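Undergrad: Quick one: sequence and predicted model below, then my questions.
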Amino acid sequence: MTGSENLVEVRDLKVHFPIKRGVVFDKVVGHVKAVDGVDLSIPRGRTYGLVGESGCGKSTLGRALLQLTPPTGGEVRFDGVDLTRLSAGRLRSMRRRMQMIFQDPMSSLDPRQNVESILTEGLQAHGIGGSRDERRRIIGETLDAVGLPRWALSRYPHEFSGGQRQRIGIARALVLGPELIVADEPVSALDVSIQAQVVNLLDELQERLGLTYLVIAHDLAVVRHISDVVGVMYLGALVEEASGDQLYREPMHPYTRALMSAVPVPDPDVEDQRERILLSGDLPSPANPPSGCRFHTRCPWAQPTRCADERPVLRQIGGSKVACHFAERIASGELRPHRVTAEVVRPADEGDAPGVVSAPSEPGSYV
Ligand SMILES: Nc1ncnc2c1ncn2[C@@H]1O[C@H](COP(=O)(O)OP(=O)(O)OP(=O)(O)O)[C@@H](O)[C@H]1O
């Protein structure tokens, strides 16, 4: 233990996947820059929510954090130790302390194993629980913690509902006594009525066990209430970092503003009056990202200077960290969105959104 406040510290993390062509010799013709220079920290016992549209690199970042995908560059410090420099043996022994929960428990659980075998496998692999009785005790406590009955032990994954299967996935991670859990879209495969139960379970477990979470979601509403900090990702990089409430109240980055303007507001008067920012153009390819600010090709506020040739870094502005050269002037209203890439319309005038703006579902539905 280093006693550091942050359990996880990521510095300039990069994951570039080679694009190979050729029949006989694989020739590398380029790279998909799935994660391209990310810095983030997660204090012990806290939750970092990572949001962004499909393909922006969230899962790759989560996997690289656990070294399930080897980073191309940068550092991942876990409890003060840089995981990118560990030998395979030391990394294996660290793995028990960092576990992952997946989106679709059906595809991550072996259908031929019953629950007892699924939970025992990890314990045996990591040499936890000396005797069969001891392992049964640990497994029993874990089942209680995730709200599954003891009879579940002899059953197979297909015998459970989606929500119960996700509880098995959580139990499989929890049984090893981890400190960090990376939850990759933990509720997006579940019915809305079940989503809140699983989010609340994660919350309760954190409180009881002091767990640290990275929760990945494409929907800000899922992470808003359980996250201490939310990071918004676009094309392999973070564009904004703030508390969930701050992001809803005062999104600073143009991309976050576009995301937030797509969230329906329950009050019809507010809903009628507020501006909607509709992005045009497709998400650029991470194999060939735009120069300068990655978002400038779709940004309603893009300026002729800096945006196309100078990559902005995350910097503190009020209660948020924002990677935008012009964030202050946009926030003050001095810079107005231009119509080439944005339409600011009243909902009554609205047609189909021309661009890809992922619309989170109703805010506030997770508490
Ligand atoms: N093993 C791989 N080899 C090559 N490219 C990959 C690999 N894994 C991911 N990618 C690419 O990296 C980019 C980021 O993918 P990633 O799955 O991390 O995004 P994401 O934000 O989690 O999206 P989703 O929510 O759809 O999973 C995508 O363009 C994806 O096609």
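TA: Structure received.

Undergrad: mind checking how far the residue in the stretch 251-367 of the chain positioned nearest to the ligand is from residue 310?
TA: Distances between the stretch 251-367 of the chain and the ligand by CB to the nearest ligand atom are smallest at residue 286, namely 4.7 Å. Every C-beta, even on glycine, is put in place using the N, C-alpha and C of the backbone. When distance is defined by CB to CB, to the nearest Å, residue 286 is 20 Å away from residue 310.

Undergrad: The two: which is more packed in?
TA: For the pair residue 286 and residue 310, the greater number of neighbours falls to residue 286 (21 against 13), based on other CB atoms under 10 Å.

Undergrad: pLDDT score for that one?
TA: Looking at residue 286, its pLDDT stands at 93.

Undergrad: What of residue 282?
TA: Predicted confidence (pLDDT) for residue 282: 82.

Undergrad: ok, it - how many residues close by?
TA: 10.

Undergrad: just residue 307 next, same as before
TA: The number of residues near residue 307, taken as other CB under 10 Å, comes to 22.

Undergrad: who touches residue 338 in this structure?
TA: Contact analysis of residue 338 by CB atoms under 8 Å, 6 or more residues apart in numbering lists 300-302.

Undergrad: Residues of this structure that sit close to the ligand?
TA: For the chain, the contact set with the ligand under CB under 6 Å from any ligand atom comprises 17, 32, 34, 52, 54-60, 218, 286.

Undergrad: does residue 181 sit in a helix, a strand or a coil?
TA: Put simply, residue 181 is strand when judged by DSSP: H, G, I helix; E, B strand; the rest coil.

Undergrad: bridging residues for it?
TA: Beta bridges link residue 181 to residue 99, residue 213 when assigned by DSSP bridges.

Undergrad: The residue of the stretch 251-367 of the chain closest to the ligand is in contact with residue 60, isn't it?
TA: No - when contacts are counted by CB atoms under 8 Å, residue 286 is not listed as touching residue 60 (9.6 Å).

Undergrad: Between these two, which contacts overlap?
TA: residue 34.

Undergrad: ok, which stretches of the stretch 1-150 of the chain are strands?
TA: 6-21, 27-43, 47-51, 73-78, 81-82, 98-101 (DSSP state E, counting those that start in this stretch).

Undergrad: ok, residue 79 - how many residues close by?
TA: 20.

Undergrad: quick thing: my sequence starts at 54, can you match it?
TA: Okay, residue one is now 54; in that scheme the one you just asked about reads as residue 132.

Undergrad: Could you double-check that residue 93 sits in contact with residue 111?
TA: No - counting by CB under 8 Å, residue 111 is not a contact partner of residue 93; they are 12.0 Å apart.

Undergrad: separation between residue 77 and residue 84?
TA: 21 Å.

Undergrad: Likewise for residue 97?
TA: In this view, residue 97 and residue 84 are 34 Å apart by CB to CB.

Undergrad: Over to residue 161?
TA: Distance from residue 161 to residue 84, counting by CB to CB: 28 Å.

Undergrad: now residue 249
TA: 40 Å.

Undergrad: cool, and residue 234?
TA: Per CB to CB, residue 234 is found 30 Å from residue 84.

Undergrad: Neighbour count: these two, which is higher?
TA: residue 234 (24 against 17).

Undergrad: ok, the more buried one - contacts?
TA: 151-154, 226-227, 255, 264-267.

Undergrad: Remind me what whichever strand or helix holds residue 312 packs against, helices and strands.
TA: Element membership for residue 312 (DSSP states H and E) is helix 307-314. Contacts defined by 3 or more CB pairs under 8 Å, 6 or more residues apart in numbering; DSSP states H and E place helix 307-314 against strand 282-287, strand 290-295, helix 297-302, strand 329-332.

Undergrad: Just put the ones you listed in JSON lines and tack on mean pLDDT and mean neighbour count.
TA: Shown next, in JSON lines, are the helices and strands packed on helix 307-314 (pLDDT from 0 to 100; neighbours: other CB atoms under 10 Å):
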{"stretch": "strand 282-287", "mean pLDDT": "97", "mean neighbour count": "25"}
{"stretch": "strand 290-295", "mean pLDDT": "97", "mean neighbour count": "26"}
{"stretch": "helix 297-302", "mean pLDDT": "90", "mean neighbour count": "19"}
{"stretch": "strand 329-332", "mean pLDDT": "78", "mean neighbour count": "22"}
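
Undergrad: For those, give me JSON lines that also has distance to residue 171.
TA: As requested, those are exported to JSON lines (distance: least, CB to CB, whole Å):
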{"stretch": "strand 282-287", "distance to residue 171": "31"}
{"stretch": "strand 290-295", "distance to residue 171": "35"}
{"stretch": "helix 297-302", "distance to residue 171": "33"}
{"stretch": "strand 329-332", "distance to residue 171": "43"}
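
Undergrad: what's the spacing between residue 175 and the ligand?
TA: Separation of residue 175 from the ligand (CB to the nearest ligand atom, to the nearest Å): 24 Å.

Undergrad: Verify the contact between that residue and residue 227 for me.
TA: No - using CB under 8 Å, residue 175 is not in contact with residue 227; the gap is 9.8 Å.

Undergrad: Tell me which of those two has more neighbours.
TA: Ranked by neighbour count (other CB under 10 Å), residue 175 and residue 227 place residue 227 first, with 24 against 18.

Undergrad: Tell me how many other residues crowd residue 100.
TA: For residue 100, using other CB under 10 Å, the count is 24.

Undergrad: what about the helices in this protein?
TA: 111-118, 141-148, 158-161, 168-178, 185-199, 215-227, 245-262, 273-277, 297-302, 307-314, 321-326, 380-384 (DSSP state H).
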